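> Model the structure of this input:
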Amino acid sequence: MTEKTFDVIGIGHPCVDYLLHIDSLPRSNESRYAREGSWQCGGKVTTGLVAASRCGLSCALIGAMGDDLFGRYCYRDFELHGIDLSQAKMREGCTTDIGVVLSEEETNGRNIFYRRGSYERIRQDEVDLPFLERGRYLFLALADELHVTAARYAKEHGVKVLIDADSRPMDEYEEILPWVDYFVASEFVYKSSFSDCRYREHMEEILRKGPSAAVFTFGSKGCRGLSEEGYFELPAFRVPVVDTVGAGDTFHGAFFYGLRRGLSLEETARFASAVSAVKCTCIGGRAGIPTPDIAKKFMETGIIDDASLRERVARYSWGLDDFFREVMELEKKKNPG
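The predicted model follows:
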């Protein structure tokens, strides 16, 4: 049997977000001052891996990015979080996805504008399927041929598969469902697929197609889940929200912590909800991700011990600037003339 080197192996691609926390959106031809700005890396699976790593799990990424400044910034952020990049590709001469994210105080909403990079996503022939056997869990967010192939291989080799289902209706996940163990989906998936509130019945339908557990997250309205342990509904934790970017990604990453510790599905979802809630008290998808100790203290007392989180927020506020200076210093050392 292959040695389990990693708790979680994820297939995904990163991006860089420039985030601004504003009071309200300006009208056409108006301007607003931002309360706060931050350069942070993003991406569904990639931010989930960072959250899992923050929870003390060993993680590896299978994916690609450009070799521009933004791609190298993403690469460096993965390194700082201890994520294995032996299966990650840097596409030479290509750009990485970037986004501008406006988080609005007035509505607690967000507006996201993305520019897709020129780099080629990871190809099926580049995925070393036997590498998946080194993980306890495979983490996916898409259901195309590459991801179905990976899920099937993982399942057939004793690796548990979790999919972060978002932005697509249920029928687009039909092909991958037989190979999924944990189907964790967003409110969008539920509302685009079902027109009523028969949550348990719909999750029973999903479980009949392959998964052993299904969870739907509903943002401020909490989450619902079903497995052989039973059905549950959990309210959301109440926190002073600064930014909801990355809340779902963080939930998925923290979900692996509960699974790895042998918690029940309900306990796992509650822990993941707490980690996600704490994240929402800071700008961006990564700065506010807490450690398990911070999350557990919050669950027990309602208090967020945020000293270390403030340090992360400060680091990310100048993150790309600092990284650029670091790159320039390295270039000077390489080319002293």
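> What residues sit buried inside stretch 39-52?
Neighbour-count burial for stretch 39-52 flags 39-52 (criterion: 16 or more other Cβ atoms under 10 Å). Any C-beta I mention is one placed from the backbone N, CA and C, and that applies to glycine too.
> ok, those vs Met170, which is closest?
Comparing the buried residues of stretch 39-52 against Met170 with Cβ to Cβ places Lys44 closest, at 17.7 Å.
> out of the buried residues of stretch 39-52, which are inside helices?
Using DSSP state H, 44-52 are the members of the buried residues of stretch 39-52 that sit in helices.
> For the protein, which segments count as helices?
Counting by DSSP H, the chain has helices at residues 44-54, 69-80, 145-156, 187-193, 199-208, 247-260, 265-279, 292-301, 307-317, 319-334.
> Those helices: which one's closest to Glu92?
Comparing the helices of the chain under Cβ to Cβ, the one sitting nearest is helix 69-80, at 10.2 Å.
> list the buried ones in that closest one?
For helix 69-80, by 16+ other Cβ under 10 Å, it's 69-75, 77-78.
> so which of the buried residues of stretch 39-52 comes closest to Val8?
Ala52 (5.0 Å).
> what sits against the closest one?
Contact analysis of Ala52 by Cβ atoms under 8 Å, 6 or more residues apart in numbering lists 7-8, 59, 139, 253-254, 256-257.
> now Asp7
Listed by Cβ under 8 Å, 6+ apart, the contact partners of Asp7 are 52, 57-59, 135-137, 256, 260.
> separation between it and Arg134?
To Arg134, Asp7 is 10 Å away according to Cβ to Cβ, to the nearest Å.
> again with Val148
In terms of Cβ to Cβ, Val148 sits 20 Å off from Arg134.
> can you check Ala272 too?
Ala272 is 24 Å from Arg134, by Cβ to Cβ.
> So the two - more neighbours on which side?
Neighbours per residue, other Cβ atoms under 10 Å: of Ala272 and Arg134, the larger number sits with Ala272, 30 against 17.
> Kindly tell me how buried Ser308 is, as a neighbour count.
The number of residues packed near Ser308 is 12, by other Cβ under 10 Å.
> Could you do Ser24 as well?
Going by other Cβ under 10 Å, the residues that sit close to Ser24 add up to 11.
> Can you add pLDDT and give the ones in helices among the buried residues of stretch 39-52 back as JSON lines?
Below are these laid out as JSON lines (pLDDT from 0 to 100):
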{"residue": "Lys44", "pLDDT": "96"}
{"residue": "Val45", "pLDDT": "98"}
{"residue": "Thr46", "pLDDT": "98"}
{"residue": "Thr47", "pLDDT": "98"}
{"residue": "Gly48", "pLDDT": "98"}
{"residue": "Leu49", "pLDDT": "99"}
{"residue": "Val50", "pLDDT": "98"}
{"residue": "Ala51", "pLDDT": "98"}
{"residue": "Ala52", "pLDDT": "99"}
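> Which residues are in contact with the closest residue to Ser86 other than its chain neighbours?
Leaving aside its chain neighbours, Ser86 sits nearest to Ala60 (7.1 Å; criterion: Cβ to Cβ, 6 or more residues apart in numbering). Applying Cβ under 8 Å, 6+ apart to Ala60 gives the contacts 5-6, 8-10, 83-87, 131, 134-135.
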